[in-house]
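>>> can't give you the sequence, but here's the structure:
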């Protein structure tokens, strides 16, 4: 089954719209539960409720988040969105009925656990849906943009609707939105994982945790993600304290201070779409996070709301750029069979970071005062980011980016069907090969050891000593039949003119092509067509 570019673009678009709904709902139902708790016990109780919502999901995310590696990722995405809708229906009934806070928090924590599964599946599905590296980075950036929008829109909707109609209708509206997201993700036709094999070769439930624990560069990269979310989680308390102490206690100023970093996240996520053409993302991940700390160092000098908002916006831009670069590096370098599980570990880091930030914020205010509380966070962001450089740069070296080779490979139909990270990995091992006219590249009956694609030139095809009328030119590939079917070469291919080829070793070719459901199916169709054509 050949998947057209338009069809794949349509699926990616549906997934991104669903992600936008997901981002709004996530912050919307969190907020309404916090408002419910605040009505019962004030700010202190609301803070404890936030921790109760986040911690169970953070602990379970590495275990449950690998769902996208075990079942088709489209079904996993639609199913988890549907499960969120069901949980939110129950939450709406509990809120409408004035249920005890403990029961409401328990249901909210269960909903957050399901949320923690959805995000890793989403980010592991994007490489299968994006047609090019540029499309993948843009999809990551748009996903980050959707999350940043959710930070604003979710709480605002929760407050407006709760004030007008009560807490229950907020959760009910969230349930409707997630039901729509589930419908948008139906029939994505994505495989469970690239290269998933029988017999547990995928490493089991804890494979993502094991991979991260053993892979120091990935571990350090997730540390960067965690630090950025610790900062994000602390900004609410720091912003309220700063507005109260430095800016005179205006409620409006508090709201603007809390949202300022989110404005930066919106801008940063939009700018991050331009990262697609960069062959090296580690400098962006490290430098952007370090740069995000510099405005925080100046916060103690900001005596007015505009200057404080500007500094926090600049901080948010840096954090957003670093987040997109980190996610794309993970997609480029992680074994695709374990991608959902590695993103599940990232989800745990994200949630723990937010929870830790909520705890650290009041501590920083108590120790350093509201005006200076941002400075220690700034030092941490800058110091940890710079210290991570030696390890994170290794991920760039591992994900060597060869756009010229990737473009040449993408001209072959069934290779173009592969996800961008898989094609990038295939390009890493490909070798340029210049042959002169008359050179026999492969000979019928020989063992197949490589696949070839033609960048320039023309090739003849001879089967059983008979020269065929058809020839091969730029964009054509040959040699896949022997590799896919594990048989001797079925034809002799020779250069008619001086030609330039790309040679892909057998192991690299099979690992990449058989790891993509679309690529595998199309490659077998192409091989069958070639056999039928050459037998005439």
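Ah, there it is. Everything numeric here is computed off the predicted structure, so don't read it as measured data.

>>> Let me see the mean pLDDT of stretch 119-135.
Stretch 119-135 shows a mean pLDDT of 74.

>>> ok, now stretch 395-408?
71.

>>> Between its first and last residues, what's the separation in that stretch?
24 Å (CA to CA, to the nearest Å).

>>> helices or strands up against the host helix or strand of residue 321?
Counting by DSSP states H and E, the element that carries residue 321 is helix 305-333. With contacts defined as 3 or more CB pairs under 8 Å, 6 or more residues apart in numbering; DSSP states H and E, the packing partners of helix 305-333 are helix 101-129, helix 133-165, helix 216-245, helix 251-271, helix 282-297, helix 339-368, helix 374-398, helix 420-429. All C-beta atoms are positioned from the backbone trio N, CA, C, and that covers glycine.

>>> Of all the residues in it, which ones are buried?
By 16 or more other CB atoms under 10 Å, the buried positions in helix 305-333 come out as 305, 308-333.

>>> that older thread, okay, the helices and strands packed on helix 305-333 in JSON lines with distance to residue 11 and mean neighbour count next?
Formatted as JSON lines, the helices and strands packed on helix 305-333 follow (distance: least, CB to CB, whole Å; neighbours: other CB atoms under 10 Å):
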{"stretch": "helix 101-129", "distance to residue 11": "5", "mean neighbour count": "24"}
{"stretch": "helix 133-165", "distance to residue 11": "11", "mean neighbour count": "21"}
{"stretch": "helix 216-245", "distance to residue 11": "27", "mean neighbour count": "22"}
{"stretch": "helix 251-271", "distance to residue 11": "21", "mean neighbour count": "21"}
{"stretch": "helix 282-297", "distance to residue 11": "28", "mean neighbour count": "23"}
{"stretch": "helix 339-368", "distance to residue 11": "17", "mean neighbour count": "23"}
{"stretch": "helix 374-398", "distance to residue 11": "28", "mean neighbour count": "19"}
{"stretch": "helix 420-429", "distance to residue 11": "15", "mean neighbour count": "23"}
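
>>> would you list those in a markdown table and tack on distance to residue 454?
A markdown table is the format used below for the helices and strands packed on helix 305-333 (distance: least, CB to CB, whole Å):
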| stretch | distance to residue 454 |
| --- | --- |
| helix 101-129 | 27 |
| helix 133-165 | 22 |
| helix 216-245 | 36 |
| helix 251-271 | 38 |
| helix 282-297 | 34 |
| helix 339-368 | 32 |
| helix 374-398 | 29 |
| helix 420-429 | 16 |
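
>>> Residue 496 is nearest to which of these?
helix 420-429 (26.2 Å; CB to CB).

>>> Neighbouring strands of the helix or strand hosting residue 455 in the sheet, and parallel or not?
Assigned by DSSP H and E, residue 455 belongs to strand 450-456. If you go by DSSP bridges, strand 450-456 pairs up with strand 477-478 (antiparallel), strand 499-505 (antiparallel).

>>> Show me what the helix ranked longest in the chain packs onto, helices and strands only.
In the chain, taking DSSP state H as the definition, the longest helix is helix 5-64. In terms of contacts (3+ CB pairs under 8 Å, 6+ apart), helix 5-64 is packed against helix 73-96, helix 101-129, helix 133-165, helix 167-184, helix 339-368.

>>> Spit out the contact partners of the closest residue to residue 148 other than its chain neighbours.
Once flanking residues are discounted, residue 148 sits nearest to residue 265: 3.7 Å by CB to CB, 6 or more residues apart in numbering. Shown in contact with residue 265 (CB atoms under 8 Å, 6 or more residues apart in numbering): 144, 147-148, 151, 316-317, 319-320.

>>> Look up how far residue 364 lies from the spatially most central residue of the chain.
For the chain, the residue sitting closest to the mean C-alpha position, by CA atoms, centre = their mean, is residue 123 at 3.3 Å. Residue 123 sits 31 Å away from residue 364, going by CB to CB, to the nearest Å.

>>> Equivalent analysis for residue 93, please.
39 Å.

>>> for residue 490, helix, strand, or coil?
Using DSSP: H, G, I helix; E, B strand; the rest coil, the structure places residue 490 in coil.

>>> quick thing: my sequence starts at 810, can you match it?
New numbering, starting at 810: the last item is residue 1299.

>>> and it, what pLDDT?
87.

>>> Please report phi then psi for it.
Phi and psi for residue 1299, reported as degrees, to the nearest 10, are phi -100, psi 0.

>>> List the contacts of the closest residue to residue 954 other than its chain neighbours.
In space, residue 954 comes closest to residue 1078 once its chain neighbours are excluded; the distance is 3.8 Å by CB to CB, 6+ apart. Taking CB under 8 Å, 6+ apart, we find residue 1078 in contact with 950-951, 953-954, 956-957, 1129, 1133.

>>> Contact partners for residue 842?
Contacts of residue 842 by CB under 8 Å, 6+ apart are 858, 862, 900, 913-914, 917.

>>> got JSON lines for those residues, with pLDDT too?
Converted to JSON lines, those look like this (pLDDT from 0 to 100):
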{"residue": "858", "pLDDT": "74"}
{"residue": "862", "pLDDT": "80"}
{"residue": "900", "pLDDT": "94"}
{"residue": "913", "pLDDT": "90"}
{"residue": "914", "pLDDT": "89"}
{"residue": "917", "pLDDT": "90"}
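
>>> now, among the residues you listed, which is nearest to residue 1203?
Using CB to CB, residue 862 comes nearest to residue 1203 of the contacts of residue 842, at 35.8 Å.

>>> what residues does the next helix-or-strand element following the strand holding residue 1264 touch?
Tracing the chain C-terminally past strand 1259-1265 and defining elements by DSSP H and E, one meets strand 1268-1272 next. Strand 1268-1272 has contacts (CB under 8 Å, 6+ apart) with 1250, 1253, 1276-1277, 1279-1282, 1285, 1287, 1299-1305, 1308, 1343-1344.

>>> Whichever helix or strand comes after strand 1268-1272 - contacts with which helices or strands?
Per DSSP H and E, the first helix or strand lying C-terminal to strand 1268-1272 is strand 1275-1281. On a contact count with 3+ CB pairs under 8 Å, 6+ apart, strand 1275-1281 meets strand 1268-1272.

>>> mind listing what the strand it packs on pairs with, with the direction of each?
Here strand 1268-1272 is paired, per DSSP bridges, with strand 1275-1281 (antiparallel), strand 1301-1304 (antiparallel).

>>> can you list those strands in CSV and add distance to residue 825?
Shown next, in CSV, are the strands paired with strand 1268-1272 (distance: least, CB to CB, whole Å):
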stretch, distance to residue 825
strand 1275-1281, 38
strand 1301-1304, 42
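
>>> Now tell me which of those strands the model trusts least on average.
strand 1275-1281 (a mean of 87).

>>> Just the buried positions in that strand, please.
Neighbour counts over strand 1275-1281 (16+ other CB under 10 Å) mark residue 1281 as buried.

>>> Other residues contacting that strand?
1263, 1267-1271, 1287, 1300, 1302, 1305, 1342-1343.

>>> what's the neighbour count on residue 1257?
Residue 1257 has 20 neighbours, counted by other CB atoms under 10 Å.

>>> Could you pull up phi and psi at it?
phi -80, psi 120.

>>> Please look at it and residue 1315 and confirm they touch.
Yes. With contacts counted by CB atoms under 8 Å, residue 1257 reaches residue 1315, the gap being 6.6 Å.

>>> shared neighbours, the two?
Contacts common to residue 1257 and residue 1315, judged by CB under 8 Å, 6+ apart, are residue 1292.

>>> State the mean pLDDT of stretch 1316-1328.
Per-residue scores along stretch 1316-1328 average to 63.

>>> Low-confidence regions, the stretch 1110-1259 of the chain specifically.
Scanning the stretch 1110-1259 of the chain for pLDDT under 70 picks out 1144-1149, 1208-1212, 1223, 1225-1231, 1233-1234.
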